[in-house]
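Colleague: I'll drop the sequence and a predicted model, then ask my questions.
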Amino acid sequence: APSLSPQAILAAQRRGEDVETSKKWAAGQNKQHFITKNTAKLDRETEELHHDRVSLEVGKVIQQGRQSKGLTQKDLATRINEKPQVIADYESGRAIPNNQVMGKIERAIGLKLRGKDIGKPLETGPKGK
């Protein structure tokens, strides 16, 4: 038996806890299964959507590149003809990357946002793989 003080046991009984514990436990279990199902579903969805989000790494590169050029999000947005919200979304990793937009940002800040050289200076000239 759990080593509860007699007072604790009495208090618990007074609050009707030992009657409730079994009920709560069952409810918790149902919830548990429910949550697990949802979590699995959410995970799958997140994984599917995952490819569609800009990584935080890219967001940081955009932010650093922009700041190194002394641009605000609005300046950068104006420069590439996009709304400032677009830049904010890219920097926070909420945006769904668009190659055209990414290309414009890359050119504006002079840093690569795609491929394995993220954050490296953009080489102008022919692309060599």
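Modeller: Done, it's in. Numbering: from 1, shown residues only.

Colleague: look up the closest residue to Val101, ignoring the ones flanking it.
Modeller: Sequence neighbours aside, Glu82 is the residue nearest to Val101 in space, at 6.2 Å (criterion: Cβ to Cβ, 6 or more residues apart in numbering). Where C-beta positions appear, they are placed from N, C-alpha and C, glycine not excepted.

Colleague: and that neighbour, which of the three is it?
Modeller: Here Glu82 is recorded as coil under DSSP: H, G, I helix; E, B strand; the rest coil.

Colleague: what's it sitting at in phi/psi?
Modeller: Backbone geometry at Glu82, expressed as degrees, to the nearest 10, gives phi -130, psi 170.

Colleague: look at it and say how many residues are nearby.
Modeller: By other Cβ atoms under 10 Å, 19 other residues sit near Glu82.

Colleague: got it, and the one 5 residues further on?
Modeller: With neighbours defined by other Cβ under 10 Å, the count for Ile87 comes to 28.

Colleague: got the contact list for it?
Modeller: Listed by Cβ atoms under 8 Å, 6 or more residues apart in numbering, the contact set of Ile87 reads Ile62, Arg66, Gln73, Lys74, Leu76, Ala77, Ile105.

Colleague: thought the fifth one was touching Ile109?
Modeller: Yes - between Leu76 and Ile109 a contact is recorded at 7.2 Å, counting by Cβ atoms under 8 Å.

Colleague: right, and Lys74 touches Gln85 too?
Modeller: No - in this structure, Lys74 is not within contact of Gln85 by Cβ under 8 Å, at 10.0 Å.
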